[in-house]
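**Student:** Structure of the sequence below:
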Amino acid sequence: EQISLLHTVPTLAQSWLTDVSPTVSLRKLRWVFFAGEPLTETLICRWRKAFPEAGKIVNLYGPTETTLAKCFYEIPDNVLSGVQPIGFSLPESQALILAEDSQMCGIGELGEIVLRTPFRSLGYVNASQENQKRFVKNYFGNDEEDLLYYTGDRGRYRPDGSLDILGRIDYQVKINGIRIEPEEIETVLVQYPAVQQTVVIAREDKIGNKRLIAYVVSEDDSLSRSQLKEFLRQQLPNYMMPKEFIILK
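**Tutor:** Modelled structure (predicted):
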């Protein structure tokens with residue numbers, strides 16, 4: 001159809017790549033904007049392999065409460081490994097990484113992604129407690145209308161000042177007294193060549209006995225649990241190793 005601009009979510013693009021017609025080139029496509037979900041190196045490489053004549057790729061980030069996209073990252077030719085950064089703030093927006101004491105985080109320090117912009121919602125209907133928690137007066141100024149929106153997303157500054165997103169703060173689980181972020185495990189798993197998608201959950205089969213379960217969608221019938229375990233062992237500590245791998249085809 002000679003479409004030149006595309007804005008979609010990674011999961012939908014992933015489904016298109018399962019059966020690409022050899023007659024489709026997308027050579028008229030100038031820009032692809034991905035948003036709504038983490039954008040992985042695996043998807044980018046598969047997309048570029050399927051559509052080598054297609055245009056540039058941009059990763060967008062922004063919650064509905066701030067009227068969608070507030071950060072952008074243009075994917076370079078040499079794509080970074082794992083989940084892609086969300087990059088830099090769009091005009092008239094400011095993306096901050098704040099610690100629990102509401103102070104700015106340093107480079108590489110984990111904190112919460114907080115957005116400052118006049119282009120945002122007025123809050124939630126009939127949810128005063130949630131409004132007070134999420135929409136907070138800017139600590140660094142005196143303007144009552146200058147609000148910060150706490151996204152609930154974990155992030156950090158990269159050395160160049162751009163932002164990484166590292167999953168949800170409220171998705172953390174505690175196993176044997178250790179806090180674990182399942183999305184960090186998912187980020188590593190999707191880097192394995194035969195893995196299309198993955199979800200890691202904490203399941204409690206017995207009271208007080210939680211364990212990590214990894215569900216993996218594979219495009220290779222030969223993918224084994226031992227291969228996944230060995231791959232994770234090279235990159236993650238033992239306490240982040242799932243106890244069970246369920247491979248789906």
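**Student:** ok, now how distant is the residue lying closest to residue 67 once chain neighbours are set aside from residue 62?
**Tutor:** Spatial nearest neighbour of residue 67, excluding adjacent residues (CB to CB, 6 or more residues apart in numbering): residue 119 at 5.1 Å. (C-beta placed from N, C-alpha, C; glycine too.) Computed as CB to CB, to the nearest Å, the residue 119 to residue 62 distance reads 10 Å.
**Student:** Which one's more surrounded, these two?
**Tutor:** residue 62 (24 against 13; other CB atoms under 10 Å).
**Student:** show me the contacts for the more buried one.
**Tutor:** 35, 68, 69, 70, 71, 115 (CB atoms under 8 Å, 6 or more residues apart in numbering).
**Student:** Among those, which one sits closest to residue 54?
**Tutor:** residue 35 (17.2 Å; CB to CB).
**Student:** Name the SS class of the most far-flung residue of the chain relative to its centre, please.
**Tutor:** Ranked by distance from the centre of the chain (CA atoms, centre = their mean), the top residue is residue 142, with 33.1 Å. Of the three states, residue 142 takes coil according to DSSP: H, G, I helix; E, B strand; the rest coil.
**Student:** what does residue 214 give?
**Tutor:** Classified using three-state DSSP, residue 214 is strand.
**Student:** I figured residue 131 was touching residue 123, is that so?
**Tutor:** Yes. Under the criterion of CB atoms under 8 Å, residue 131 makes contact with residue 123 at 4.3 Å.
**Student:** what's the spacing between the residue most central in space within the chain and residue 229?
**Tutor:** With distances taken as CA atoms, centre = their mean, residue 38 lies nearest the centre of the chain, 2.8 Å away. According to CB to CB, residue 38 and residue 229 sit 23 Å apart.
**Student:** One more: residue 47?
**Tutor:** 28 Å.
**Student:** related to what we said a few turns ago, quick check, the residue nearest to the centre of the chain in a helix?
**Tutor:** No. Counting by three-state DSSP, residue 38 is located in no helix; its state is coil.
**Student:** Tell me the spacing between it and residue 104.
**Tutor:** Residue 38 sits 24 Å away from residue 104, going by CB to CB.
**Student:** hang on, the earlier thing: so which of residue 47 and residue 229 has more stuff around it?
**Tutor:** Shown here are residue 47 and residue 229; by other CB under 10 Å, residue 47 has more neighbours (22 against 13).
**Student:** Could you list the buried residues of the helix or strand containing that one?
**Tutor:** Using DSSP states H and E, residue 47 falls within helix 41-50. By neighbour count on 16 or more other CB atoms under 10 Å, the buried set for helix 41-50 is 41, 42, 43, 44, 46, 47.
**Student:** Hmm, which of these is lowest in pLDDT?
**Tutor:** Of all these, residue 42 has the smallest pLDDT value, namely 87.
**Student:** Quick one: residues contacting that one.
**Tutor:** Taking CB under 8 Å, 6+ apart, one finds 190, 191, 193, 195, 196 in contact with residue 42.
**Student:** before we move on, what SS does residue 247 have?
**Tutor:** Applying three-state DSSP: residue 247 is strand.
**Student:** Run through the residues that contact residue 95.
**Tutor:** Residue 95 neighbours (CB under 8 Å, 6+ apart): 70, 71, 86, 88, 89, 113, 114, 115, 116, 163.
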